[in-house]
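A.B. asks: Sequence plus the predicted model coming up.
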Amino acid sequence: MEYLDTSHFLSLPRPSAGDFHAPIVDTTTLAAHDFDVDPRTGFMPPHPPVERLLSLEGQNYEHWEDLLTQACAADLQIADKEGGLTLEEERRSEQWRTTVRMATPHLIYNPFAQIRASTSKGSLCPRMDNAFLHPYPAHLLPRNSHSSTCNASALTSLSRIAASPVLTYSDDVLYNWGIIDTTNASSSPFGTIDPQNLRVLTTFTSTPSESHFYLTSARIELIGVRALSLMQSTLDELFVGDAIAVRRITKYLNQLGSTDVSGSTSGRGIIGEMETELNKMTVGCDPQVFYEQIRPWFRGIDSSERRWIFEGIEMDERLEEPTELSGPSAGQSSLIHALDVFLGVEQYSHSRTLTGRSSITSTPEDERPNEAIPEASSFLSRMQLYMPRHHRNFLTHLQNQNTKRSLRALVFDALASAGISPTGTASSSTSITVSSNSSLSPSSIIDTDDALNLLSAYNTAVMALKKLRDSHILIVTRYIIGPAARAKRSQQQAQQDDEFYMNAEGVAPLRGSGGTELAHFLKAVRDGTKDAVIAP
Ligand code: HEM
């Protein structure tokens, strides 16, 4: 590279974790691996994450691993569990915290190295934070608050790269798996990892329900690999933008969303397969176990009832108390967001106004911290902070592609080209006036059938996504809203009709681990998805 001028784009450094906020143009190629998206495993790493990180770049992580192993062995319990902690449980959790306090001043935690290793190992420190935090009994807490063990250097560095010091979806799902039968590691018909051959590495509760909860998401990620591949093919065809491209894109969209697809393993489109897998949550994850034992471990600052305290923060004046720390949520999955962006649905489903937070709870403007992404960001933008950096870049890239050549614009342009207005009225002339910024190539003429087929395939894919969200709402109802309502109104008979709870009055707004007022938020996202359907 020495012969290139320093201002040549190939000479520009690739943005590193530390340069996240630096104004450097990302000149990396558009190859999938630059975004840590593997053609066989998508957002999951192609190889099983290392189970025990001993050292990385000359730094020893064995002590951190030991502390985590000790936390698992101590069978730590959530402090505000039903009936509270027993004295023995309290003693065990305090003993472990003391070990952490004594050890951490001597342990170096380098989040930069950790994040570079993220494709092979989920972050240790965030999982430790949650283990430190949630078993803390109220009467032992300073100022009756939670406390976190994130040390000074970790907080400084993490805030610079806008990564979360608490647990994220990628820690729980993307980098928290191993293979059950290693002789059968790639037996999937699609040449990816067999979704049924996965096991979970670390859980908080050691319950099969918690493992099943993570594995369901992991399996959905693996099904989604084929969706990513169709997106890639569609983007290639969008670049061509002629009549053949329109027909090919129609085929790809049918594979994505149709209910009757030849060659599909389930007879459903890929989004339908993802929905089927989502519904299998009920097969191995018990709603009551989830609500009472698992979910409390996922609380973030914005879904906690108690304020968090960051031990040691006062020892470094450069540190600011984080205000944006949501708990892990599949809302942090890049896959569903990618589908939203690709289909051009996100402007409806995740509009800027859809923050997931009520006006009552949002921080007044003059008290807002100076963050890269402001408090009033949409849920989608906020959740991107919790994604691995390359995946976040992938979504940004997809969004940038949309401003140049969007699938949704192609549907409108193909209809216009065929003389059909999106409201269904055929124009008197079938001649085409291709505007200079049309998604179609200048000499392309799209006939009526092709345009209508494209419209139908597009709408079907959007409706498949809406249907996935319908099922998700039912899952959330079964796993959170129902148990919460039952807990609150235990004297009343459990209501059979799940949808009832979504509409029930008098039930205080429940918060998701992403900090949203979940019932209102999820319905708004689902309805927004439906609004993206283009009327034929
Ligand atoms: C027991 C299972 C599940 C529960 C209880 C649950 C709960 C929630 C909640 C409460 C939210 C609102 C955001 C927040 O505050 O966290 C949410 C959002 C979300 N969840 Fe789940 N979830 C579950 C499983 C899944 C799975 C397996 C997926 C993968 C497809 C998923 C995908 C999403 C997405 C994409 C969002 C963002 C909203 C949207 O775009 O529709 N969830 N989830």
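C.D. replies: Ah, there it is.

A.B. asks: Please name the nearest non-neighbouring residue to His350.
C.D. replies: Counting by Cβ to Cβ, 6 or more residues apart in numbering, His350 lies nearest to Leu380, which is 3.9 Å off, once chain neighbours are set aside. The way it works is simple: take the backbone N, C-alpha and C, and place the C-beta from them, glycine included.

A.B. asks: tell me which element that neighbour is part of?
C.D. replies: In this structure, Leu380 sits in helix 379-384 according to DSSP states H and E.

A.B. asks: Which residues of the protein lie near the ligand?
C.D. replies: Within the chain, the positions near the ligand by Cβ under 6 Å from any ligand atom are 213, 216-217, 220, 278, 281, 290, 329-331, 333, 336, 356, 469, 472, 475-476, 479-480, 512-516, 518, 521-522, 525.

A.B. asks: which residues sit in contact with the residue nearest to His350?
C.D. replies: Contacts were defined as Cβ atoms under 8 Å, 6 or more residues apart in numbering; by that measure Leu380 touches His337, Asp340, Glu346, His350.

A.B. asks: Enumerate every residue touching the first one.
C.D. replies: It stands for His337. Contacts here follow Cβ under 8 Å, 6+ apart; on that basis His337 touches Glu346, His350, Leu380, Met383, Gln384, Leu395.

A.B. asks: how about a cut-off of 7 Å?
C.D. replies: For His337, the contact set (Cβ atoms under 7 Å, 6 or more residues apart in numbering) comprises Leu380, Leu395.

A.B. asks: host element of it?
C.D. replies: Mapping His337 onto the secondary structure by DSSP H and E places it in helix 334-343.

A.B. asks: what residue ranges in the stretch 351-500 of the chain score low on pLDDT?
C.D. replies: Flagging of the stretch 351-500 of the chain using pLDDT under 70 yields the residue ranges 356-376, 423-436, 490-500.

A.B. asks: At which residues are the strands of the protein located?
C.D. replies: 55-56, 59-60, 146-148, 177-179, 198-200, 308-310 (DSSP state E).

A.B. asks: per-stretch mean pLDDT over those, give me the minimum one.
C.D. replies: The stretch with the lowest mean pLDDT among the strands of the chain is strand 146-148, at a mean of 42.

A.B. asks: what comes up buried for stretch 393-406?
C.D. replies: Along stretch 393-406, these residues count as buried under the neighbour rule (16 or more other Cβ atoms under 10 Å): Asn393, Phe394, Leu395, His397, Leu398, Gln399, Gln401, Asn402, Arg405, Ser406.

A.B. asks: wait, what's in contact with whichever residue of the stretch 351-500 of the chain sits closest to the ligand?
C.D. replies: The minimum distance from the stretch 351-500 of the chain to the ligand, using Cβ to the nearest ligand atom, falls at Tyr479 (3.9 Å). Contacts for Tyr479 were tallied using Cβ under 7 Å, 6+ apart; they are Pro287, Phe290, Tyr291.

A.B. asks: nearest spatial neighbour of Phe290, skipping sequence neighbours?
C.D. replies: Counting by Cβ to Cβ, 6+ apart, Tyr479 is the residue found nearest to Phe290 once chain neighbours are left out, at 5.0 Å.

A.B. asks: likewise Met387?
C.D. replies: Among residues not flanking Met387 along the chain, Ser334 sits closest, at 5.4 Å (Cβ to Cβ, 6+ apart).

A.B. asks: thought the one you found was touching Asn393?
C.D. replies: No. No contact is recorded between Ser334 and Asn393 when judged using Cβ atoms under 7 Å, the distance being 10.1 Å.

A.B. asks: how many neighbours does Pro48 have?
C.D. replies: Residue neighbour count, defined by other Cβ atoms under 10 Å, stands at 18 for Pro48.
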